[in-house]
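Undergrad: All I have is the shape, not the residue letters:
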DNA sequence: TATATTTCGGACAAAAATATCCTAAATATA
DNA sequence: TATATTTAGGATATTTTTGTCCGAAATATA
């Protein structure tokens, strides 16, 4: 569904968010350890997300990553997916046709549109805050 | 959603099916040309599908691939996907957790289960014959 | 039987995705 | 100011996916 990179990105953001809910800033090493992701690769991804203004980063001792509660409530999972994987999941043809639309549809077009619009809606209505809260209250996990 | 290999596989099967509806047996070159797929790679894929007993192949002059109308009506898109991509799309965790289930769910588990069960149902209720007919009647296309 | 045609299958190649390493830049603290 | 810590970013490496090539096997036809 998502690329590995995108899975890491979502998990990283959620881990940082849960820690930010406790006013704790986290280092890359912590993120990697608590999401089961490769550290150096995670660093790249966090850098990208920081540039996209989804995270706040601070260099130096006591530095790390954090995310304001206000932002957690604004940012939707769809935005992370879009920043990392682009719009293929939302707009690409399920059979890989260059052009595929209602006028010249691939044989699965209608069926795909239906599924994907639900996927899209789901991602666009799910906030970081909602998921981070699930983790904080022990209702779900990010690793194992 | 699907791997490139799987996209080629579905398109190839559908092309062969539309031709079989006209009692025409097709060669790999025809398949590649009419689905916009690389020929040698398509050959590999068709070989796999033949082994999975989804297609019938014949070597030699006037040989090629075909699929019985009876089979077109039996075989679902889900079977092609499973043969090529395995069950990750049906059972894998959306965030890539090794173990993710209702008891120890990732934060997106419930939402993913909902989407994926619809995707699964869609793939499991769509037959080759249904889609091949759409192509034959000009309602949809496999290329461009 | 000889030849041409076609799929089959193994080895190999290229491209893309995933992952590592290392140095620079920033910054808190002593 | 000197040092330790941490992110940023470029270069490089590894793995996986996608793709090619070529000879072998099968078979229709002359």
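TA: Now that the structure is in, tell me what you want to look at. Because the structure is a prediction, the values reported are computed rather than measured.

Undergrad: hang on, residue A:98 packs against residue B:144?
TA: Yes: under the criterion of Cβ atoms under 8 Å, residue A:98 lies in contact with residue B:144, with a separation of 6.8 Å. Any C-beta I mention is one placed from the backbone N, CA and C, and that applies to glycine too.

Undergrad: Can you name the residues of chain A sitting close to DNA strand C?
TA: A:3-5, A:8, A:37-41, A:43-44, A:58-63 (Cβ under 7 Å from any atom of the strand).

Undergrad: let's see it at 10 Å
TA: Proximity of chain A to DNA strand C (Cβ under 10 Å from any atom of the strand) is limited to residues A:2-8, A:28, A:32, A:36-45, A:57-63, A:84-86, A:88.

Undergrad: which of these are close to DNA strand D?
TA: Contacts with DNA strand D within the residues of chain A next to DNA strand C, counted by Cβ under 10 Å from any atom of the strand: A:4, A:28, A:32, A:39-45, A:57-63.

Undergrad: what does chain A put close to DNA strand D?
TA: Proximity of chain A to DNA strand D is assessed by Cβ under 10 Å from any atom of the strand, with A:4, A:16, A:25-32, A:39-51, A:55-66, A:96 identified as the residues in range.

Undergrad: Enumerate every residue touching the closest residue to residue A:22 other than its chain neighbours.
TA: The spatial neighbour of residue A:22 that comes closest, neighbours along the chain excluded (Cβ to Cβ, 6 or more residues apart in numbering or on different chains), is residue A:136 at 7.9 Å. Contacts for residue A:136 (Cβ atoms under 8 Å, 6 or more residues apart in numbering or on different chains) come out as A:18, A:21, A:22.

Undergrad: I'd like to know how many residues surround the last one.
TA: Neighbouring residues of residue A:22 were enumerated by other Cβ atoms under 10 Å in any protein chain shown; the total is 7.

Undergrad: how far away is it from chain B?
TA: Residue A:22 sits at a distance of 17 Å from chain B (criterion: Cβ to the nearest Cβ, to the nearest Å).

Undergrad: And that residue, its phi and psi?
TA: Backbone geometry at residue A:22, expressed as degrees, to the nearest 10, gives phi -100, psi 10.

Undergrad: cool, the first one as well?
TA: Here the main-chain torsion angles of residue A:18 (degrees, to the nearest 10) amount to phi -60, psi -40.

Undergrad: so residue A:122 sits in a helix?
TA: Yes: assessed with DSSP: H, G, I helix; E, B strand; the rest coil, residue A:122 lies in a helix.

Undergrad: Setting aside sequence neighbours, what's the nearest residue to it?
TA: Taking Cβ to Cβ, 6+ apart, and ignoring the residues beside it in sequence, residue A:122 has residue B:111 as its nearest neighbour in space, at 5.3 Å.

Undergrad: list the buried ones in the helix or strand of chain A with the lowest mean pLDDT?
TA: The helix or strand with the lowest mean pLDDT-type score in chain A, counting by mean pLDDT, DSSP states H and E, is helix A:88-91 (a mean of 92). By neighbour count, with 16 or more other Cβ atoms under 10 Å in any protein chain shown as the criterion, the buried positions of helix A:88-91 are A:89, A:90.

Undergrad: which strands and helices sit next to that helix?
TA: Counting contacts by 3 or more Cβ pairs under 8 Å, 6 or more residues apart in numbering or on different chains; DSSP states H and E, the secondary-structure elements packed against helix A:88-91 are helix A:109-124.

Undergrad: what sits up against the helix it packs on?
TA: Helix A:109-124 is touched from outside by A:76-78, A:81, A:89-90, A:93-94, A:100-102, A:106, B:1, B:111, B:114-115, B:118-119, B:122, B:126, B:140, with contacts defined as Cβ under 8 Å, 6+ apart.

Undergrad: Just the buried subset of those, written out for ChimeraX, thanks.
TA: Paste this into ChimeraX to select the buried members of the contacts of helix A:109-124, with burial taken from 16+ other Cβ under 10 Å:
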select /A:76,77,78,81,89,90,93,94,100,106 /B:1,111,115,119,122,126,140
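
Undergrad: How much space separates the nearest residue to residue A:92 once chain neighbours are set aside from residue B:141?
TA: Closest residue to residue A:92 apart from its sequence neighbours, by Cβ to Cβ, 6+ apart: residue B:1 at 7.9 Å. Computed with Cβ to Cβ, to the nearest Å, the distance linking residue B:1 and residue B:141 is 19 Å.
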